[in-house]
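Asks: Below are the sequence and a predicted model; questions follow.
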Amino acid sequence: MKKILLLSVVLFAACMTAFGQAKKPIIMVIPSDGWFERNGYVMEYDNMGTKVTVPDYETAFKQNSEIRTMISAMADFMAKEDFPIQSLEQELNRIKNENAEMALMMGKNAGGSIAETPIERLRRSAKADIILNLDYTVKRLGPNKQVEFNLQAIDAYSSKIISGNTGTSSVVSTSTPSTSVLEESCLSFKDNFLAGLQNYFDDLFTNGREISVTLMRYDTCPIDFEEEFSINGGNYELADIIEAWFADNAKEGRFSLDARSANRLRFNQVRIPLYAKNPLSGKETAIDASGFVRELVSLLKNEPYNLTVGRSPKGLGEVWITIGDK
Amino acid sequence: MKKLLVFFMCCTIGISACFAQKNDRKASYESWENYEITTVKVGVEGTKFVKVWGFGKSVDKAIMSAKRNAVHACIFRGLPGNTSANSTPAILNESAYAANAAYFDAFFAPGGPYLAYVNMTTDGVPSGQDRRQVKGGYKVALYIQVMFDNLKNKLESDGLKKKLSDGF
């Protein structure tokens, strides 16, 4: 009897733990494009006559000790908050190694290679849910120097700035190592930055996660979003029906329809609950954008629409739905 | 007789006004809302380096008041920034004191746990511009290192503040 009671308590605790944890966002520090330009870590290429520059992450992380100091200092205080940040440098290395291994892998029996479409390859890049966009400049002031810094925490899906911090360090002699001034700058904005992040998470738990959903049509699809269907005695366009679904399912009906045309619908600022019942297991589980639209996809697949529908998650807060093909 | 009555009334009003002014000043000095604090520079990891004023009947009491004010500011008021240090938001909001009055009354009691989060950065009694004799006592300024991260961790472990990772 005691054992059964103990087992029940353990199972109950496990269920509560599973239910109580929302999906943790991935946070990554990415230096700003301006920082790469100013420090010469860019790659140039010719795009049909136009000179285009892109950040050279690999060289920057290999050669610049200052940026490594800043990222380490930030990683340190975030780890102390039980919120470790993902290293962009390591993530790029991991992808590089993954590419090499995937190219060499061969099936043991039939000798097949790993299948991957070009779009899958493109999506296998470093991704974060919250981007910490870091910029700083070391300014010379006669025999002294000072660091000007700017740190923005950006929601990767809505492009909203969650927390913004700007400031200057104290003025120090040019003989002082730049790394110590950079560490000082980091400590200066730390608490303000963490408070901004806390406000964002408080809002997420109170009002739900904010996501974006884009619906697109393959040209092979026999209907578009302006096709009319008869529902409850009235004729409605498919776009209206989808919009009504969002009104019913978004948390407190909060969303906005950003773009609407025959071939494309984009919903943003969609607030979704953090947990929902999983149709397969029947349990309450933490959901993200892809989990939220599962029912919409199912609706479009069934009568009277009978569409072929594809669902491509692009992180915790964004999903693409395609009609006409997967 | 009339003149005597008027004179007596004037004296009464004058004396009561004096007492009221004195009480106002006392309340003002002792109020949580009335203390001055500035950030001196960015502290070392996990700390805040501030200059804070305290008021007391003796210099010793004023020093204790300044220490208490420094911790109070970190928890409820936040620290103002300066040209080389960003401002620091308060750990809790102002209503948290009223909501947890028993906890904070014990926390800020004379010799209470708040002292564990204060390091004085100067030895001895403040002097010169940092020590002013005012009516009813002394007003002194101290340079203090507050163990900010330890204080925040304490409030988190006591359940008064949510951790950043709570809920994930």
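Replies: Arrived safely, thanks for sending.
Asks: measure residue B:167 to chain A for me?
Replies: 6 Å (Cβ to the nearest Cβ, to the nearest Å). Where C-beta positions appear, they are placed from N, C-alpha and C, glycine not excepted.
Asks: so that residue touches residue A:206, yeah?
Replies: No - look at residue B:167 against residue A:206 with Cβ atoms under 8 Å: they stay out of range, at 10.8 Å.
Asks: So which bits of chain A are right by chain B?
Replies: Contact residues, chain A versus chain B (Cβ under 8 Å from any Cβ of the partner chain): A:20-25, A:80-83, A:165, A:167-171, A:184, A:187-189, A:191-192, A:194-195, A:197-198, A:201-202, A:205.
Asks: Same drill for residue B:167 and residue A:206, tell me which one is more crowded.
Replies: It is residue B:167, of residue B:167 and residue A:206, that has more neighbours when counted by other Cβ atoms under 10 Å in any protein chain shown, with 15 against 8.
Asks: And the pLDDT at the more buried one?
Replies: Each residue has a pLDDT score; the one for residue B:167 is 86.
Asks: Check which helix or strand it maps to.
Replies: Assigned by DSSP states H and E, residue B:167 falls within no helix or strand.
Asks: residues contacting the residue nearest the centre of chain A?
Replies: By Cα atoms, centre = their mean, chain A has its centre lying nearest to residue A:129, at 2.7 Å. If you count contacts by Cβ atoms under 8 Å, 6 or more residues apart in numbering or on different chains, residue A:129 has them with A:25-27, A:155-157, A:315-317.
Asks: lowest-confidence helix or strand of the chain?
Replies: Using chain A. helix A:2-20 (a mean of 49; mean pLDDT, DSSP states H and E).
Asks: sorry, should have said chain B
Replies: Min over SSEs of chain B, mean pLDDT, DSSP H and E: helix B:2-30 (a mean of 60).
Asks: what's the helix or strand that it is followed by in contact with?
Replies: Using DSSP H and E, the helix or strand that follows helix B:2-30 in sequence is strand B:37-41. Identification of contacts with strand B:37-41 by Cβ under 8 Å, 6+ apart yields A:170, B:48-53, B:69-70, B:73, B:77, B:79-82, B:84-85, B:87-88, B:143.
Asks: filter these to the buried ones?
Replies: A:170, B:48-53, B:69-70, B:73, B:77, B:79, B:81, B:84-85, B:87-88, B:143 (16 or more other Cβ atoms under 10 Å in any protein chain shown).
Asks: so what's residue 163 closest to, chain neighbours aside?
Replies: Assuming you mean chain A. residue A:196 (2.5 Å; Cβ to Cβ, 6 or more residues apart in numbering or on different chains).
Asks: hmm, I had chain B in mind actually
Replies: Residue B:163 sits nearest to residue B:156 (Cβ to Cβ, 6+ apart), 5.2 Å away.
Asks: State the mean pLDDT of the helix or strand hosting that neighbour.
Replies: According to DSSP H and E, residue B:156 maps onto helix B:148-157. Computed over helix B:148-157, the mean pLDDT rounds to 95.
Asks: Could I have the CA atoms of that helix written out in CSV?
Replies: C-alpha atoms of helix B:148-157 as CSV (Å, rounded to 0.1, in the frame of the first residue of the first chain):
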residue,chain,number,x,y,z
PHE,B,148,23.7,43.1,-4.6
ASP,B,149,23.7,39.6,-6.1
ASN,B,150,23.8,38.0,-2.6
LEU,B,151,20.9,40.2,-1.6
LYS,B,152,18.9,39.2,-4.7
ASN,B,153,19.6,35.5,-4.2
LYS,B,154,18.4,35.8,-0.6
LEU,B,155,15.1,37.3,-1.7
GLU,B,156,14.8,34.7,-4.4
SER,B,157,15.4,31.8,-2.0
